[in-house]
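Enquirer: Turn this into a structure:
(chains A, B and C)
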Amino acid sequence: MSDTAIKTASVLAFERKLDPSDALFHSASWASRNDEATCKPIAIRTKSVRGTISNRLKTKEQDPAKLDAMVEKPNLQTVDVAALPGDADTLCVSFTLRVLAGTGKPSACNDAAYQQRLLQTVDGYIKANGFGELARRYAGNLANGRFLWRNRIGAEQVEIRIDHLVDGKAAKSWTFADALSLSLRNFDATGDDLKAIAEIGTLIAEGLNGDRHVLLRIRACVRIGVGQEVFPSQELILDDRAKGNKSKTLYAVNDIAGIHSQKIGNALRTIDTWYPEQGDLGPIAVEPYGSVTTLGKAYRKPKKDGGADFYSLLDNWVLKGKAPGAGDQHYVIAVLVRGGVFGEGG
Amino acid sequence: MSDTLAESRGLLILPRLRVQNANAISSPFTHGFPAITAFLGLMWALERKLAGRYPLFFTGVGVICHHHEEQVATAGFTRAFRLTRNPIDKDGSTAAIVEEGRIHLDITLVFGVSGTVLEADWAIRRECADQVAAELAQMRIAGGTVLPGAAAGIHATRPHLEAFPDAANDRPKWFSNLRRRWLPGFALVARDDLLADRLAQLRRKDATATTLDAWLDLVRLNCMPPPQDETAATEKKTSAVEWIYEKKPGWIVPIPVGYGALTPLQTAGSVRNARDATTPFRFVESLYSIGQWIAPHRLDSWRQLLWYGHSDIETGRYRACNDYIAATSTHPH
Amino acid sequence: MIDQPDSTRRAAFRAAIERFLQERRDAKLEKLPEDAQNREALLAQFQAASWIEDAARRVSQIQAVTHSLKAIHPDARGTNLYCPPALLPGHAELGSHVLGGDFAGDVVGNAAALDVYKFLRLQANGMTLLDALLADDPDLLAAFSSDPDQAGAWCKAFANLVQPRGELASHTHAKQVYWLVDEMPTEDSAYHLLAPLYASSLTQRVHTTINDDRFSDAAKAAREARREKRDHPAGFAEYPHLAVQKLGGTKPQNISQLNSERGGANYLLASLPPQWKSKVRPPLNIDSVFSRFGARDLVHTLVAELREFLEGDPTSIKPTRDFREDLFDRLVDELAWFASELHDALSPGWSTAPACQLPMAEQLWLDPGRATHDDEFHRHWQRLDWPEEIGRSFGYWLNSELKGRLPVGLVELREWAKELLGDEIWMAHLKNLGRQMARDRRAAKGDAA
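Expert: From the prediction side, this is the model:
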């Protein structure tokens, strides 16, 4: 296995194999949450805010008269907000998830010998493990509503329904009546939930394995209270002039507030519990360097003598035949499911 | 490779696809709709995926856009792209942002096709169309994801594969029937003729005018005072002069149409870090022309709709072509 | 190219070089205190021979280009190209070739060596030093040094400025597309791999043109004249939906010299399709949609044409019949477009609003989505008796539009309705809709169950 002639392909890229849509926001009353015809789209509103003077004042501005003048002429800004209407206490978040086959098969690879070795490696993993462990965790993140992000915090109740769509119809459905009871910190569930997650996991694994086309529809109903604020994705706009005086822009599709598909994907692949030096953070998203954007930190840093980052692990595994531990194997395969451009370049 | 659309025997129609997060930046000079070359690439990839399953060959692809939602911020004089994330580097610091424009689209794709499956009965053709749609759903369209289920509402029709009617006389009516199902929407057609005309027009005034001058002149909104003699004739200098915007011959847009070579063809495997070592390689730049968005019911024939690839290896011109003008002047139907 | 040594030309090259070095030297000297110890060293550094020697060494750190890679992706490293536009094939399409001999070169590489590039861009004898040395201009060689070998060696080093560095290379972050050059997409051998580079010199021209149109004094004067409704010798131009993309983020200099000069701003012109949806309003508070239909510009024009035609020649010879048929087809097409807009833009069930005063037939026609959840409405729709009524309404409306001049009697009235109803396309479309509707209802029922 340790043929030293093989090098990492300089051009190497993979397409993502879990392909979620944007999630869209509707409002409903808890009692009639399952009557989709009565649900109304949630739109983004623009709200004026007075930017208060809170930054440290320059010495010359510390003159009280000047300060008064500044407070009287505050920085008028607008922000986007989204909220439930006055007659609805429930946020409904829905999206679809397509599961694609072909994990480990590059969309671009310019080294046939490397590609062959890579495919052997991935095949070896699949023969030994299947996609069961990864799929169970992806399913867990559907069931626990991690994809709701901030909308999950402070919810009174969260119910999640998952449909397996075949020819546009639900061939089978699962309901998690109390998604809040499923922890975000681990993938342990019990009783009926455990069974349902196992079934969904099996389905996702079949999709990844190419046994069948798998398309899921996910709908979460979040009871948060009448008129409460909801949290769509925030957009990043680099050009200040294009932003105007708006300091926060929220995402909407056809005037319906929503969460970016990228962010849904990030939540679904938050399954990495195998990274080194874990504190009490729990699972992190599968990323080549274990980076967590919100913390501005990378948990899988490359090191001279074999780091736990994706590149080090993959090179050791594919080039040198040194398989990492079971957890890191799951991690490497999960990065391939995530996709990306990983070529050596240079 | 021929320089006209290859002989087609029918159309394969994939109505009302919802595509999410397609590339809105189609070239270094254009935004607002994916490059037509991306649809050619899709067509070639699709034929490869279907190889051996059905005797079906693609000759060209047409795109009708029913709805679009580009992810841009519009508060300023110019637009900026709305980005989705702040990537971070291996040390946790913010990584360089590569601005990727995104657009959501509702489109109908129309493929010109040939092959014996067109002679098959209704059920087989339907199955074939469904298979193509299923295959397409697993692929990316111009970098975007195909959302399941056609766009909501009453227009949601199934994919269908239709042979041209045998009698040439029946074809206009047949095409009229089809094109009405593509409303409301706009199809992209090539208007290289407008670019050539504008260049000739500019050169009458200024012999040094270039294709770039003509291109920009066509795609921008020119605002002028009315011709001198009219104003002089009407009233005194004191009277108000109403400036006028130049009227465009339709919804004219700048589009990338393919690539022009910068180097000779390099033998396969000779360029480091090429995507493979078995395909000849060439450095190129984008080439641009003029396109028009036209309502489908203004199309006389399917030939006006379809785009196909044409390569002139000698001069290094790799072009997406469309016969809108040729089909108008020589074959009204 | 240049045969005889020419002392005037040599002197002109020499003068340009001396002036350049003197300016740079003086700028540096100004910043030094009078008594600085390194004054002498600085003076020596700007001696022509030693400066050129050093520059000939440093030139390897930069490359003059017309086409760059990093603008495609900031992490991509590979071949950049210097392709004089005049040497590119003259395609009819827009490409760098349109620049001809007049173009701005770009520079990639170490920004600290940019002075070498500025040196080579010096103008003398109607050309740049770079042009001259690429042409082995003997007068430039003589201006460089009296030692021909020395001058030749420098010249050779400088000429490398436009050469790609190392072997040809692309990159995993570069764009590389497969292009079918043969008939069969299924054959691996039927493709070329095309790697687009960023046309930096062409971009520079586009950028300055757009900036001139937006910000130049001439453009401002024209805009002002328009605001004040004055005549003016020139117009101005606007670029609707112009977008700006930032290349290189906060460090545009990492991409290239010209990108840095442009502040990293890359203008993008709009190819956007027309947006019709936002203009659609539900037809409320009116008792028929035909008045609204007739108010559309194109419909108005078509009706006027039809009226003119009918007034002119009432005889039904073949060519005129075709002409009338054509006008009529286009009118029906417009009607289909009108209806399809409402189908697409309005949410199903809009016709249940109290402000909807349309007759039932028009509701059935324009709000078919309502049938999905409204049983009574669905039954009525599927009876398909309402299209006849739409046809009649259309006939009445068209008749009244034409009546001003024409004695249109009942016969004609019936004919219009018949033609509309007899329109196979329309009926085929309706039958399609009916089938779709039934499917939607089944799906909706399935969901509820």
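
Enquirer: so where's the chain shaky on pLDDT?
Expert: No chain was given, so I picked chain A. Regions of chain A meeting the criterion pLDDT under 70 cover residues A:1-4, A:50-75, A:345-346.

Enquirer: meant chain B, my bad for not saying
Expert: B:1-2, B:85-96, B:149-156, B:228-238, B:329-333.

Enquirer: Mind checking which residue lies nearest the centre of it?
Expert: B:Ile36 (3.5 Å; C-alpha atoms, centre = their mean).

Enquirer: Next one: whichever residue of the stretch 201-346 of chain A sits closest to chain C from A:Asn316, what distance?
Expert: Nearest to chain C in the stretch 201-346 of chain A, going by C-beta to the nearest C-beta, is A:Gly343, at a distance of 2.7 Å. In short, each C-beta sits where N, CA and C put it, glycine included. Distance check for A:Gly343 against A:Asn316: by C-beta to C-beta, to the nearest Å, it reads 18 Å.

Enquirer: Now the residue of the stretch 201-350 of chain C found nearest chain A, what are its backbone angles?
Expert: With distances taken as C-beta to the nearest C-beta, the stretch 201-350 of chain C approaches chain A most closely at C:Lys246, which sits 5.7 Å away. For C:Lys246, the backbone dihedrals are phi -100, psi 130 (criterion: degrees, to the nearest 10).

Enquirer: where's the closest residue to B:Glu70 other than its chain neighbours relative to B:Glu69, distance?
Expert: Closest residue to B:Glu70 apart from its sequence neighbours, by C-beta to C-beta, 6 or more residues apart in numbering or on different chains: B:Ile103 at 4.4 Å. B:Ile103 sits 7 Å away from B:Glu69, going by C-beta to C-beta.

Enquirer: Those two - which one has more neighbours?
Expert: B:Ile103 (27 against 18; other C-beta atoms under 10 Å in any protein chain shown).

Enquirer: List the strands paired with the helix or strand containing that one, with their directions.
Expert: If you go by DSSP states H and E, B:Ile103 is part of strand B:102-114. Its sheet considered, strand B:102-114 pairs with strand B:10-23 (antiparallel), strand B:57-70 (antiparallel) by DSSP bridges.

Enquirer: export those to JSON lines and tack on distance to C:Ala11?
Expert: Supplementary listing: those in JSON lines, determined by distance: least, C-beta to C-beta, whole Å:
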{"stretch": "strand B:10-23", "distance to C:Ala11": "55"}
{"stretch": "strand B:57-70", "distance to C:Ala11": "58"}
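
Enquirer: Figure out which of those strands is closest to A:Cys221.
Expert: strand B:10-23 (23.1 Å; C-beta to C-beta).

Enquirer: May I have the closest one as PDB, with CA atoms only?
Expert: C-alpha atoms of strand B:10-23 as PDB (Å, rounded to 0.1, in the frame of the first residue of the first chain):
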ATOM      1  CA  GLY B  10     -37.800  17.200 -32.100                       C
ATOM      2  CA  LEU B  11     -37.700  19.100 -28.800                       C
ATOM      3  CA  LEU B  12     -37.300  18.000 -25.300                       C
ATOM      4  CA  ILE B  13     -38.900  20.400 -22.900                       C
ATOM      5  CA  LEU B  14     -38.100  20.700 -19.200                       C
ATOM      6  CA  PRO B  15     -40.600  23.300 -18.000                       C
ATOM      7  CA  ARG B  16     -40.400  25.600 -15.000                       C
ATOM      8  CA  LEU B  17     -37.200  24.500 -13.300                       C
ATOM      9  CA  ARG B  18     -36.500  26.300 -10.100                       C
ATOM     10  CA  VAL B  19     -32.700  26.900  -9.800                       C
ATOM     11  CA  GLN B  20     -31.300  28.200  -6.600                       C
ATOM     12  CA  ASN B  21     -28.000  30.000  -6.200                       C
ATOM     13  CA  ALA B  22     -26.900  29.900  -9.900                       C
ATOM     14  CA  ASN B  23     -23.900  32.000 -10.900                       C
END
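
Enquirer: For that strand, buried residues please.
Expert: Using 16 or more other C-beta atoms under 10 Å in any protein chain shown as the test for burial, strand B:10-23 gives B:10-23.

Enquirer: List the residues that contact A:Glu199.
Expert: A:172, A:174 (C-beta atoms under 8 Å, 6 or more residues apart in numbering or on different chains).

Enquirer: secondary structure class for it?
Expert: With DSSP: H, G, I helix; E, B strand; the rest coil as the basis, A:Glu199 sits in helix.

Enquirer: Would you check how far apart it and B:Leu46 are?
Expert: 33 Å.

Enquirer: Spatially, and excluding backbone neighbours, which residue is closest to the residue in the stretch 51-200 of chain B that chain A sits nearest to.
Expert: Residue nearest to chain A within the stretch 51-200 of chain B (C-beta to the nearest C-beta): B:Ala75, separated by 2.7 Å. With sequence-adjacent residues excluded and distances taken as C-beta to C-beta, 6+ apart, B:Ala75 is closest to A:Gly244, at 2.7 Å.

Enquirer: Show me which residues of the one helix or strand C:Arg19 maps to are buried.
Expert: Element membership of C:Arg19, judged by DSSP H and E, is helix C:7-31. Neighbour counts over helix C:7-31 (16+ other C-beta under 10 Å) mark C:9-10, C:12-14, C:16-17, C:20-21, C:24-25 as buried.

Enquirer: Chain C contacts on the stretch 51-200 of chain A?
Expert: The stretch 51-200 of chain A comes close to chain C at residues A:108, A:168-170, as judged by C-beta under 8 Å from any C-beta of the partner chain.

Enquirer: The same query, at a cut-off of 6 Å, please.
Expert: A:Lys169 (C-beta under 6 Å from any C-beta of the partner chain).

Enquirer: Contact partners for residue 25?
Expert: No chain specified, so I'll use chain A. Contact partners of A:Phe25, counting by C-beta atoms under 6 Å, 6 or more residues apart in numbering or on different chains, are A:42, A:257.

Enquirer: my bad, chain C
Expert: Counted by C-beta under 6 Å, 6+ apart, C:Arg25 has contacts C:Phe46.
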